[in-house]
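**Student:** Sequence below, structure please.
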Amino acid sequence: MLGPPLYPKAGNGRTKRTPDRGPVPGMSVGEGSLVKAILRFISFLFLAAAVGVGALDSIRSVATSSVDLMSARDVWSSYFPSSLAMAEGMTAHYIHPEAWRWVENGLSAVPAFAVLLALSLLFWMAGYKKPRVLGRFSA
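**Tutor:** You can find the predicted model right below:
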């Protein structure tokens, strides 16, 4: 006999298993779904912001009779100017003082709606819930 088991038994006498981590006592089937729901909600917020910025871009483009897209830097500097200055200072301190020009050029070249759509996709992928194979009554 090697001693007591490493994982104590759950309330019903059986250990519950997760697909990747082995037996974990007290872990229910829905653990972690709250985090995934929060990630999907953040994805929805980014998607709504992308649609709003896209609508503003289209209205401005029709009004000026030319394509007029807001850059990611313009949106960042108008809504969160202190975090833009903080990111610039951190880049200059930790990477190189001239490195911020590369970041600034990249942010000025990318449309804001594309950045927001990419962030929405990343958060949606992180919070993706796999569909059950046999429906809601499968084990």
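**Student:** Give me the nearest residue to the residue most central in space within the chain, chain neighbours excluded.
**Tutor:** The residue lying closest to the centre of the chain (CA atoms, centre = their mean) is residue 123, at 2.7 Å. Once flanking residues are discounted, residue 123 sits nearest to residue 43: 3.7 Å by CB to CB, 6 or more residues apart in numbering. No exception for glycine: its C-beta is placed from N, CA and C like everyone else's.
**Student:** list the helices and strands whatever helix or strand that neighbour lives in packs on?
**Tutor:** Taking DSSP states H and E as the definition, residue 43 sits inside helix 33-64. Packing partners of helix 33-64 (3 or more CB pairs under 8 Å, 6 or more residues apart in numbering; DSSP states H and E): helix 112-126.
**Student:** ok, residue 124 - how many residues close by?
**Tutor:** For residue 124, the count of nearby residues is 16 (other CB atoms under 10 Å).
**Student:** what sits against the closest residue to it other than its chain neighbours?
**Tutor:** Residue nearest to residue 124 in three dimensions, not counting chain neighbours: residue 43, with 4.0 Å by CB to CB, 6+ apart. Applying CB atoms under 8 Å, 6 or more residues apart in numbering, we find residue 43 in contact with 120, 121, 122, 123, 124, 127.
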